[in-house]
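pasting a predicted model and its sequence here:
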Amino acid sequence: MLKKEKTMNLNEWLETTEFTTKDLALLPSVGCVINTKNGDTFPMMEDDSIGFDEPMNIIEMYNDPFNSEEWFNSLHTCDKPVVNEVLNNLLPNEVKEI
């Protein structure tokens with residue numbers, strides 16, 4: 001987990017987006033939260049807050065396996081279905097499963 005610097009909190013993030021908390025899923029094996037609608041991932045901080053100011057998109061990570069291989073390999077079997085569903089929804093014309 002990352003040390004927390006001044007970052008946007010959940011309420012601030014919800015006020016600035018069209019998403020709700022139902023669009024977020026916890027991926028504890030890789031220490032992040034994923035927005036299941038657009039694929040943005042956010043790191044979990046040491047104080048259990050979410051680094052909404054530091055998004056990484058799952059599609060960009062999927063398309064850059066060299067730099068993201070460790071992240072995908074670190075996914076626990078309980079987290080893989082969530083990531084696979086997001087990838088299938090965002091990349092429907094490709095066959096993908098991690």
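Perfect, I can see it now. Numbering: from 1, shown residues only.

can you find the helix or strand in the protein with the smallest mean pLDDT?
helix 10-16 (a mean of 82; mean pLDDT, DSSP states H and E).

give me the buried stretch members for it, please.
Buried residues in helix 10-16, counted by 16 or more other C-beta atoms under 10 Å: 13-14. C-beta: built from backbone N, CA, C; applies to glycine.

who's in contact with it?
The contact list for helix 10-16, computed with C-beta atoms under 8 Å, 6 or more residues apart in numbering, reads 8, 19-21, 49-50, 52.

would JSON lines of those residues with secondary structure, distance to residue 84 and neighbour count be doable?
Output for the contacts of helix 10-16, formatted as JSON lines (DSSP: H, G, I helix; E, B strand; the rest coil; distance: C-beta to C-beta, whole Å; neighbours: other C-beta atoms under 10 Å):
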{"residue": "8", "secondary structure": "coil", "distance to residue 84": "28", "neighbour count": "17"}
{"residue": "19", "secondary structure": "coil", "distance to residue 84": "20", "neighbour count": "15"}
{"residue": "20", "secondary structure": "coil", "distance to residue 84": "22", "neighbour count": "9"}
{"residue": "21", "secondary structure": "helix", "distance to residue 84": "22", "neighbour count": "8"}
{"residue": "49", "secondary structure": "coil", "distance to residue 84": "27", "neighbour count": "17"}
{"residue": "50", "secondary structure": "strand", "distance to residue 84": "22", "neighbour count": "20"}
{"residue": "52", "secondary structure": "coil", "distance to residue 84": "24", "neighbour count": "20"}
